[in-house]
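Undergrad: sequence and predicted structure, then a few things I'm wondering about:
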Amino acid sequence: MLKVLRYIILFFAISLFVIGVIFNDLYILLTSICGLLIHNLCYSLENFNKRIIFFAFNITFFTFLVGRLVVKTISDYVDIYNKNKFGLEFSNDQVIWNIFIVLFTSLLFLFIGYSCIKNNNSNQNYNKGVFKGIRIQTIAFASKYLFYITSIFNFLIILEQARFTDQAGYTELYSSYSSSYPYFIVKFAEMSSAALFMFLATLPTKSKSIIPLTLYFFIGTISLLVGNRNEFVLNLLIIIIYLCLRNITDKHEKWFGKKEILICISAFPFLILLLNAISYIRVDRGVSSASFLYTINDFFYKQGVSVNLIGFAQTLANQLPNETVYTFGRIIDFIRNNIITQSLFDIPKYLPQTVESALHGNSFADSVSYILSPNRYLNGWGYGSSYVAELFIDFGYLGIIVGNFVLGNILALMTRLFENGIIGAWICLTMTRLLLYAPRDTATSFIVTSFSLINILTIVLILLSAVILDNTVKRSKLGKLNHIN
């Protein structure tokens, strides 16, 4: 029944899109975008556990790129600083028309790309007890306790950042904050997530997962003290995704069922209120006492500011550096700025939030922010980026089609990776957390950050520790056996 309903919604969404294009009606185009989003969510619900990542991505896509348009259209929400239709920064209907075409095309080819990858057969031999000669329970032990240790350092760094933002302000965090802790403590703190994901990749039992997952949620919660809402939400989403994926791999326990779904639905309104309150606090404004409905509208309206980047990709095209390919900017920066390249070649390294980075670097976020407001940019303000805007500025509509098709493939492959061994599950969890932020992040950030040096060192450290523990246990058993003999 759900599939039939989904097909009907898809038919009407595409039909409305065609009508909107023919008659150049922006409201019909927006309706078609919402229809396609609903279709994608219905598609996810048909097999929720396997398609949870696609479901979550469509939620973040709506939040960062569509929600603002919907709020401005269907509510009486007033933005005293922006009187334009749909809450966009543009009054030119042609620019808005292009934005809507890009959004619809992105959602359509995300679905097409995702549906092309079949995830029907689970790997029943996921966990055979050993990994490359190392016992999995030893890897689980090493990764769990590394997570506990690094979480202490992570907690210290977050508290330091909270004190800094309380004194200097939230935007200063990105322009002038520098940790007072020794370098090794900062790096150990950065190992926290990678260590946790390695532990979760060993597929521990539900009872053994409760404390690490609770601690991870707590770390996300205290990051709200800094004003970092994204860290909190991404931690929460990846926990829910993991619980759903464990429904696939665990045939003995139910990890995420009706009770958990009801808890999430019940908590959603309070979560929105909390996140919206943080947005006021971090800019030193009093928390709004408006109605609950207004708070919901206010949240999605403010979160949806990233949709303007698609318009800036059109209106600022002549002012942006011509030689830059922003889609692969993070990869280019990684190749240019790593220790080996910098030591061997005389290649300039541009620091973020600088004029050099904005004019000569590979960051779409830096370039756009500097063009829009040079002084605010240099003082720590930034508009952020979006994979959709980067694809559009670099490759036009062809980039939107191919890029979202490939991204749909990648989202589908994440579930398959989770079902194929420890490293596959680790990659799935690490990449998924970053992919969910792609509508408000650079196109290739999920690749560069996932395989950063600190993450690789974390995995190596865990495996080396597991080998040492395994050998210690083997020698101990052998010693006891020789003593008996």
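TA: Structure's in. What do you need? Numbering: from 1, shown residues only.

Undergrad: where in the chain is pLDDT low?
TA: 119-130, 282-290, 477-485 (pLDDT under 70).

Undergrad: can you give me the strands for it?
TA: For the chain, the strands defined by DSSP state E occupy 130-131, 134-135.

Undergrad: can you redo the ones you listed as TSV with mean neighbour count?
TA: To be clear about C-beta, it is placed using only N, CA and C from the backbone, and glycine gets the same treatment. Shown next, in TSV, are the strands of the chain (neighbours: other C-beta atoms under 10 Å):
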stretch	mean neighbour count
strand 130-131	16
strand 134-135	18
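
Undergrad: D441 reaches Y387, doesn't it?
TA: Yes: when contacts are counted by C-beta atoms under 8 Å, D441 is listed as touching Y387 (6.7 Å).

Undergrad: distance to I9 added to the strands of the chain, as CSV?
TA: Formatted as CSV, those follow (distance: least, C-beta to C-beta, whole Å):
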stretch, distance to I9
strand 130-131, 44
strand 134-135, 48
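
Undergrad: out of the ones you listed, nearest to F299?
TA: In terms of C-beta to C-beta, the element of those nearest to F299 is strand 130-131, at 42.8 Å.

Undergrad: these two touch, right, I96 and G311?
TA: Yes: counting by C-beta under 8 Å, I96 does reach G311; the two are 7.4 Å apart.

Undergrad: give me the common contacts of the two.
TA: Residues touching both I96 and G311 (C-beta atoms under 8 Å, 6 or more residues apart in numbering) are L88, F90.

Undergrad: contacting residues for the nearest residue to I272 once chain neighbours are set aside?
TA: Counting by C-beta to C-beta, 6 or more residues apart in numbering, F299 is the residue found nearest to I272 once chain neighbours are left out, at 5.2 Å. By C-beta under 8 Å, 6+ apart, F299 lies in contact with I272, L275, N276, S279.

Undergrad: now with 10 Å?
TA: Contacts for F299 (C-beta atoms under 10 Å, 6 or more residues apart in numbering) come out as T63, G67, V71, R229, L271, I272, L273, L275, N276, A277, S279.

Undergrad: ok, so of these, who is nearest F111?
TA: T63 (17.9 Å).

Undergrad: what about that closest one, how many residues nearby?
TA: When counting by other C-beta atoms under 10 Å, one arrives at 18 neighbours for T63.

Undergrad: repeat for I74
TA: 11.

Undergrad: cool, and N24?
TA: Neighbours around N24, by other C-beta under 10 Å: 11.

Undergrad: leaving out sequence neighbours, find the closest residue to it.
TA: W97 (6.7 Å).

Undergrad: quick check: that neighbour touching F17?
TA: No: with contacts counted by C-beta atoms under 10 Å, W97 stays clear of F17, the gap being 12.0 Å.

Undergrad: spit out the residues that contact those two alike.
TA: L29.

Undergrad: out of those two, which sits in the more crowded spot?
TA: A count of neighbours by other C-beta under 10 Å puts F17 above the other of W97 and F17, at 22 against 16.

Undergrad: which residues sit in contact with the closest residue to that one other than its chain neighbours?
TA: Spatial nearest neighbour of F17, chain neighbours left out: S32 (3.9 Å); criterion: C-beta to C-beta, 6+ apart. Contact analysis of S32 by C-beta under 10 Å, 6+ apart lists 12-21, 25, 100, 103-104, 107-108.

Undergrad: rerun at 7 Å
TA: A13, L16, F17, G20, F104 (C-beta atoms under 7 Å, 6 or more residues apart in numbering).

Undergrad: CSV for the residues you listed, including distance to L453?
TA: Output for the contacts of S32, formatted as CSV (distance: C-beta to C-beta, whole Å):
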residue, distance to L453
A13, 44
L16, 48
F17, 44
G20, 47
F104, 39
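
Undergrad: state the number of residues packed around the spatially closest residue to A201 that is not a sequence neighbour.
TA: With sequence-adjacent residues excluded and distances taken as C-beta to C-beta, 6+ apart, A201 is closest to A425, at 3.6 Å. For A425, the neighbour count with other C-beta under 10 Å is 25.

Undergrad: one more: C34?
TA: 19.

Undergrad: any idea how far the closest residue to it other than its chain neighbours is from L37?
TA: Spatial nearest neighbour of C34, excluding adjacent residues (C-beta to C-beta, 6+ apart): V70 at 6.5 Å. Per C-beta to C-beta, to the nearest Å, V70 is found 9 Å from L37.

Undergrad: contacting residues for L275?
TA: L275 neighbours (C-beta under 7 Å, 6+ apart): R229, F299.

Undergrad: scratch that, T430
TA: By C-beta under 7 Å, 6+ apart, the neighbours of T430 are A194, F197, S450, N455.

Undergrad: just F55 next, same as before
TA: Neighbours of F55 in contact, by C-beta under 7 Å, 6+ apart: L41, S44, F48.

Undergrad: circling back: the residue nearest to I272 and F292, how far apart?
TA: 11 Å.

Undergrad: swap in S91?
TA: 32 Å.

Undergrad: am I right that F300 is in contact with L69?
TA: No: if you go by C-beta atoms under 7 Å, F300 and L69 don't touch, sitting 9.6 Å apart.

Undergrad: of the two, who's got more company?
TA: L69 (27 against 22).

Undergrad: residues contacting that one?
TA: L30, F86, G87, G304, V307.

Undergrad: neighbours of M414, just the number please.
TA: 24.

Undergrad: thanks a lot, see you next time.
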